[in-house]
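Undergrad: my questions concern the predicted model and sequence given below.
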Amino acid sequence: MKLDARLGLFVTLVAVFITCLIVGDITGGKLTSVHMFGREWLFSVGLLAFPVTFILTDILNEFYGQKVTRQVTYIAFAMVGLTFATIYASAAMRWSSLSLSPDWQGVKPHDFDVVFTQATRIQLASMVAFLVGNLIDIKAFHVIKKYTGERLLWLRATGSTAISQLVDTAVISALVWGTKITLSDYVTVVVTSYVIKLFAAIVVTPIIYGLHELLERRFGIEPVHATEADDTPSAKARDDKP
């Protein structure tokens with residue numbers, strides 16, 4: 001079976017979305033920081049991958065509708081779960097005697113555990129925060145589009161991300177750090193991470209416009225109209241050409 005251009009594009013968007021989500025979760029245990037305004041601002045390096053998920057959530061929402069985007073969100077959530085289940089199943093398997101020898105130059109048990117299994121709390125928290133945040137993003141995008149129509153793509157893209165990522169950041173920070181840090185440090189982590197996410201959402205707005213134009217002109221896909229029902233996406237070609 002040969003995929004047509006529209007289906008091939010959809011598969012590609014979903015694949016990139018899930019890849020960036022998984023990479024962001026796996027690398028999220030590393031904290032980095034920037035020094036600004038006389039203080040150190042902490043944030044997770046997982047933020048490098050997550051802006052791509054912002055872009056693709058908006059593109060999927062715009063062209064395929066709420067129902068499809070929610071389905072993609074549930075699939076992505078399940079794939080992250082499958083990834084971590086596989087990682088922990090791998091961690092539970094015994095190490096070969098070769099890898100336990102002092103002169104072994106490959107991955108050792110401690111190295112594997114530090115990289116893959118030491119951030120369990122962060123990984124689980126990230127899954128919960130992603131699911132909650134993305135569902136809010138999808139709904140907020142639809143509500144804004146309902147009131148603005150086909151105009152102001154930047155508003156529904158940035159606005160929905162601004163709302164959802166505030167919730168996402170507050171949830172994941174609370175689940176990860178709990179009572180391990182002071183309220184002041186919690187606020188610092190939330191504010192820093194949120195500002196970075198919001199800045200990323202603003203910066204990628206031209207990319208969203210570029211992809212929007214590409215999908216309409218190159219692939220002939222029409223956006224879902226604001227007046228259409230949630231479960232009746234209108235993403236279809238203007239003609240039969242791929």
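TA: Arrived safely.

Undergrad: what's near enough to touch the closest residue to Phe50 other than its chain neighbours?
TA: If you skip the residues right next to it in sequence, Phe50 has Gly24 as its closest partner in space, 4.8 Å away by C-beta to C-beta, 6 or more residues apart in numbering. For every residue, glycine as well, the C-beta is placed using N, CA and C. Gly24 makes contact with Gly46, Leu47, Leu48, Ala49, Phe50, Thr53, Ser126, according to C-beta atoms under 8 Å, 6 or more residues apart in numbering.

Undergrad: okay, buried residues for the helix or strand containing Gly24 please.
TA: Assigned by DSSP states H and E, Gly24 belongs to helix 5-27. Of the residues in helix 5-27, 6, 9-10, 13-14, 17-18, 20-27 count as buried by neighbour count, 16 or more other C-beta atoms under 10 Å.

Undergrad: now for the lowest-mean-pLDDT helix or strand in the chain, which elements pack on it?
TA: Scoring the helices and strands of the chain by mean pLDDT, DSSP states H and E places strand 39-44 at the bottom, with a mean of 72. In this structure, strand 39-44 packs against strand 31-36, helix 183-203, with contacts taken as 3 or more C-beta pairs under 8 Å, 6 or more residues apart in numbering; DSSP states H and E.

Undergrad: out of these, which is the most enclosed?
TA: Taking mean count of other C-beta atoms under 10 Å as the contact definition, the stretch among the helices and strands packed on strand 39-44 with the greatest mean neighbour count is helix 183-203, which reaches a mean of 16.
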